[in-house]
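# Below is the structure, and that's it, no one-letter string:
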């Protein structure tokens, strides 16, 4: 993949009319807690992967204490 064109990015962003509320921004800026990560891993379905790395949820479940800290 090539580099992202900054002018194209700015042009796209300038078309977005809806703004995020201060409350929503604070929620998104909040630190994700260790127990939230563990819960998300435990509740994830088996035989699926998170993304392009191809690692399954079983991998993350087996190594959840190690992966949740990073």
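It's in. Since the model is a prediction, treat every value here as computed from it, not as a measurement.
# So what touches the host helix or strand of residue 42?
In this assignment (DSSP states H and E), residue 42 forms part of helix 34-43. With contacts defined as CB atoms under 8 Å, 6 or more residues apart in numbering, helix 34-43 is touched by 57, 60-61, 64-65, 67-69. Any C-beta I mention is one placed from the backbone N, CA and C, and that applies to glycine too.
# continuing past that helix, what's the next helix or strand?
Going down the chain from helix 34-43, the next helix or strand is helix 57-62, by DSSP H and E.
# just checking, what packs against the next helix or strand along the chain from that following helix?
Using DSSP H and E, the helix or strand that follows helix 57-62 in sequence is helix 64-67. The elements that helix 64-67 packs onto, with contact taken as 3 or more CB pairs under 8 Å, 6 or more residues apart in numbering; DSSP states H and E, are helix 34-43.
# For the helix it packs on, buried residues please.
37, 41 (16 or more other CB atoms under 10 Å).
# circling back to that earlier point, give me the buried subset of the contacts of helix 34-43.
57, 60, 64, 68.
# Quick check: pLDDT value at the closest residue to the third one other than its chain neighbours.
In space, and not counting its chain neighbours, residue 64 is closest to residue 41: 4.7 Å by CB to CB, 6 or more residues apart in numbering. Per-residue confidence for residue 41 comes out at a pLDDT of 90.
# Kindly report the same for residue 58.
Residue 58 carries a pLDDT value of 90.
# what residues are up against it?
So residue 58 contacts 46-47 (CB under 8 Å, 6+ apart).
# mind checking how far it is from residue 41?
In this view, residue 58 and residue 41 are 10 Å apart by CB to CB, to the nearest Å.
# go on, residue 25?
Here the criterion is CB to CB. By it, residue 25 lies 26 Å from residue 41.
# Find the nearest non-adjacent residue to residue 28, please.
Nearest non-adjacent residue to residue 28, counting by CB to CB, 6+ apart: residue 20, 7.7 Å away.
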